[in-house]
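1. Give me a model of this one.
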Amino acid sequence: MEFSRKFGGKHTHVWPGSDSKLSKSSIVAVNKNSTYNLSNKVKIISDSFADDMLNLDEDISEMIKDAVRPCDKSSLNLKDYEHISKDIDIVMPYLKNAIETKAEGVNILFYGLPGTGKTELVKTISQALKTKLFEISYANEDNESIDGHQRLKAFKVAQALLSNQNILLMYDEA
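-> All right, here's what the predicted structure looks like:
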């Protein structure tokens, strides 16, 4: 991906590496078809992210809060889920190993009707594993629904920028 712009009579080229966190995260997308209008050439994941970039003292999780939000702690513990202890006995070692080995592509689906405690269970599991839990946002700062494409971008942001931390990412109902 090449970005070319004329500054002071000279063309400046930026070649972000395909392995770079910026490239992998989709925080910034470059439109290859637009060459002269910067606002059409470069798309940023959210307007507030661009504002937050000016404050370099921010924690990365605070900077990407529109895309990925830290979750509150659970008031429960694993003993409160004895009725599904066999399932938890499978999930916990699996996730613990995935975290220790930094495995990629580890996904667990909790399926059920809204309001049955899936989110609280995930929070409890995260606490038991001593990880931070982040939710992929389903609404923007104005509480307007985010489409699937934007949620996928948010997921990529979290994967790229939080990859050096022990975290769990959660997609919740939207």
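2. Which residue ranges of this protein form helices?
-> 21-25, 38-41, 47-53, 60-63, 85-100, 118-128, 148-161 (DSSP state H).
3. so what does the last one touch, helix or strand wise?
-> Contacts of helix 148-161 with other secondary structure elements, assessed using 3 or more C-beta pairs under 8 Å, 6 or more residues apart in numbering; DSSP states H and E, are made with helix 21-25, strand 68-70, strand 132-136, strand 167-171. The C-beta positions use only the backbone N, C-alpha and C, and glycine is treated the same way.
4. try 7 Å this time
-> The contact analysis (3 or more C-beta pairs under 7 Å, 6 or more residues apart in numbering; DSSP states H and E) places helix 148-161 against helix 21-25, strand 68-70, strand 132-136.
5. that older thread, mean pLDDT lowest where, among the helices of the chain?
-> Ranked by mean pLDDT, the helices of the chain bottom out at helix 21-25, with a mean of 57.
6. tell me the domain ranges of the protein?
-> If you go by automatic domain parsing, the domain ranges for the chain are 3-44, 68-171.
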